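Q: Here is the input, now give the coordinates:
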Amino acid sequence: MMKLGLKQLEDVQRVTLKKNKNVMFVINQPDVFHAPNSESYVIFGEAKVEDLAAQAAAVAAEAFKSEAPAAGAAAAVAEAEEEGEVDETGVEAKDIELVMTQANVSRAKAVTALKANPNDIVSAIMELTM
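A: Numbering: from 1, shown residues only. Coordinates of the predicted model:
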């Protein structure tokens, strides 16, 4: 590079090139050379794409995700307090578990649905999800 008359710039930590409103190319720890007779620069390094819109969406999703478990836990506790224990006689445990996972409901609701639809798993799930 010295034969071309380019002079290396020291202490450059990061170079960013803005492509459009939301996309930037970022080069950390680049080797930067400057042509003394013009405003041209030669930059060497590994370019990484930063999508600002995607980063903003990820931050928003993370904030939403951290709020959702707290609300879900409170609802689960309230639901458990409301329903209490349910008589599971005549209903198989594996059927209850299957209905609970497929319909995303509590154990009490799954047992009630299975008893209302004489151990018909498909009908119980349909009743709870429709």
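Q: after the helix or strand of the chain with the lowest mean pLDDT comes which helix or strand?
A: The weakest-scoring helix or strand in the chain, judged by mean pLDDT, DSSP states H and E, is helix 52-83 (a mean of 61). Sequence order places helix 93-103 as the next helix or strand after helix 52-83, per DSSP states H and E.
Q: ok now that next one, how far from the chain's centre?
A: From the chain centre to the centre of helix 93-103 is a distance of 27 Å (Cα atoms, centre = their mean, to the nearest Å).
Q: Specify the angle between the following helix or strand past that helix and helix 93-103 in degrees.
A: As assigned by DSSP H and E, the chain's next helix or strand after helix 93-103 is helix 107-116. With axes from the mean of the first three to the mean of the last three Cα atoms, to 10 degrees as the basis, helix 107-116 and helix 93-103 are set at 110 degrees to each other.
Q: quick one: buried residues of helix 107-116?
A: Buried residues in helix 107-116, counted by 16 or more other Cβ atoms under 10 Å: Arg107, Ala108, Lys109, Ala110, Val111, Thr112, Ala113, Leu114, Lys115. The way it works is simple: take the backbone N, C-alpha and C, and place the C-beta from them, glycine included.
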